[in-house]
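*Asks:* predicted model and sequence below, questions to follow.
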Amino acid sequence: MNNSTSWNAVLKTELCGAETKRQCCRRALVFGLLYGAQRLENGDVVLAVPKCAEELARKLIHEQFTREAENVGSKREKILLRFNSRAARIMLEKQGEFSEYIKCAECTAEMLRGIFISVGSMNSPEKECYLQIMPADAHACYGAKEIAEKVGISFSVGERRGKSYLYVKRRDVIESFLGLLGANNSYFDFLNAGIGKQTLADANRAANCITRNISKTVNAAKNQLELIKSVQEADRLSILPPELAETARLRLEYPDSSLASLAAHHNPPVSKSGLYHRLEKITEILTEDRKKRNGF
């Protein structure tokens, strides 16, 4: 996808190129496309479709209604096609009563494909997951919601400037919707984008975890050093066994050394895990000694 082409345009172009063989499915498809149409006072129907759908819409209008559509301009990046058909007007009136246009298992998907091409939109998968359908009125909006529910796709209903619309933000639901409509390329692009985002999120979590662990280690070393210094000033390091006293002395001598480096300074050298346990034991003994001296 190049920078000048939106994800939404690429998706709709793919949907417009899909083949629909059965006559009943083609009728369901045109029923869906009419979700982006309005009836004029003189009985004409004006259908608004994205430019990529103009050829498909013209073909279906001729096939289903035996009419030639006239291009009467554009509005909001959509082509306006005008024609006069009683059958199309009846379809417009039945957008909430669609069952007679579903004759086989594929008809529902074709109907939703037409609805999305006509009045749907979707964010790029690189951004926040968001897909919406905005029919002409509430009657059509709830009709589209019911159509989707028949195939297990659940949309939420919102309202914007007094107009109802459908939307979904869940990635799994959008994946199912794209798969149902047969947008295979867009479906896999969406999946890959999701994997990429998850990988990045996992990497960020891992980095944050590492940062927290480093901070925790640094704070622990700082506290150990301060404790050893304070006990040394009180001339109490002699309470430590010889091997722990050596570790305490080296900790004071090399305050900025890592555990691995500090372990190597011992004679004989000790392991990192052995040194870690020595420092824990030193902290335990010296802390307990300080409490006793302070009367706790």
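*Replies:* That came through fine.
*Asks:* was I right about residue 247 contacting residue 269?
*Replies:* No. Residue 247 is not in contact with residue 269 according to CB atoms under 8 Å; the separation is 11.9 Å. Placement of C-beta: from N, CA and C, glycine included.
*Asks:* just want to know which of these two has more residues nearby.
*Replies:* residue 247 (24 against 12; other CB atoms under 10 Å).
*Asks:* for that one, give its distance to residue 274.
*Replies:* 10 Å (CB to CB, to the nearest Å).
*Asks:* also residue 86?
*Replies:* From residue 86 across to residue 274, the span is 91 Å (CB to CB).
*Asks:* beyond the lowest-mean-pLDDT helix or strand in the chain, next helix or strand please.
*Replies:* When the helices and strands of the chain are compared on mean pLDDT, DSSP states H and E, helix 184-233 comes out lowest with a mean of 62. For helix 184-233, the following helix or strand on the C-terminal side (DSSP states H and E) is helix 242-253.
*Asks:* tell me which other helices or strands that following helix touches.
*Replies:* Where contact means 3 or more CB pairs under 8 Å, 6 or more residues apart in numbering; DSSP states H and E, helix 242-253 is packed against helix 184-233, helix 259-264, helix 272-293.
*Asks:* please repeat the previous calculation with a cut-off of 7 Å.
*Replies:* The contact analysis (3 or more CB pairs under 7 Å, 6 or more residues apart in numbering; DSSP states H and E) places helix 242-253 against helix 184-233, helix 272-293.
*Asks:* return the distance of stretch 258-269 from the chain's centre.
*Replies:* Chain-centre distance of stretch 258-269: 48 Å, with CA atoms, centre = their mean, to the nearest Å.
*Asks:* stretch 267-277 too?
*Replies:* Here the centre of stretch 267-277 is set off from its chain's centre by 47 Å, with CA atoms, centre = their mean.
*Asks:* ends of it, how far apart?
*Replies:* Start and end residues of stretch 267-277 are separated by 17 Å (CA to CA, to the nearest Å).
*Asks:* state the mean pLDDT of that stretch.
*Replies:* Average pLDDT, stretch 267-277: 82.
*Asks:* check which residues of that stretch are buried.
*Replies:* Buried positions in stretch 267-277, judged by neighbour count with 16 or more other CB atoms under 10 Å: 270, 275.
*Asks:* ok, stretch 284-291 next?
*Replies:* Residues 285, 286, 289 are the ones in stretch 284-291 that count as buried (16+ other CB under 10 Å).
*Asks:* just the pLDDT at the first one, thanks.
*Replies:* Right, residue 285. pLDDT, the model's per-residue confidence, is 81 for residue 285.
*Asks:* then the last one?
*Replies:* Each residue has a pLDDT score; the one for residue 289 is 75.
*Asks:* from residue 85, how far out is it?
*Replies:* Residue 289 sits 96 Å away from residue 85, going by CB to CB.
*Asks:* swap in residue 62?
*Replies:* Distance of residue 62 to residue 85, computed by CB to CB: 11 Å.
*Asks:* quick check: phi and psi at the residue nearest to residue 46 when sequence neighbours are not counted.
*Replies:* Nearest residue to residue 46, sequence neighbours excluded (CB to CB, 6 or more residues apart in numbering): residue 82, at 5.0 Å. Main-chain torsions, residue 82, degrees, to the nearest 10: phi -110, psi 130.
*Asks:* for residue 82, what are its contacts?
*Replies:* Residue 82 makes contacts with 44, 46, 69, 70, 72, as judged by CB atoms under 7 Å, 6 or more residues apart in numbering.
*Asks:* for the spatially most central residue of the chain, give me its contacts.
*Replies:* Relative to the mean C-alpha position of the chain, the nearest C-alpha, by CA atoms, centre = their mean, is the one of residue 129, at 4.3 Å. Contact analysis of residue 129 by CB under 7 Å, 6+ apart lists 123, 169, 170, 171, 174.
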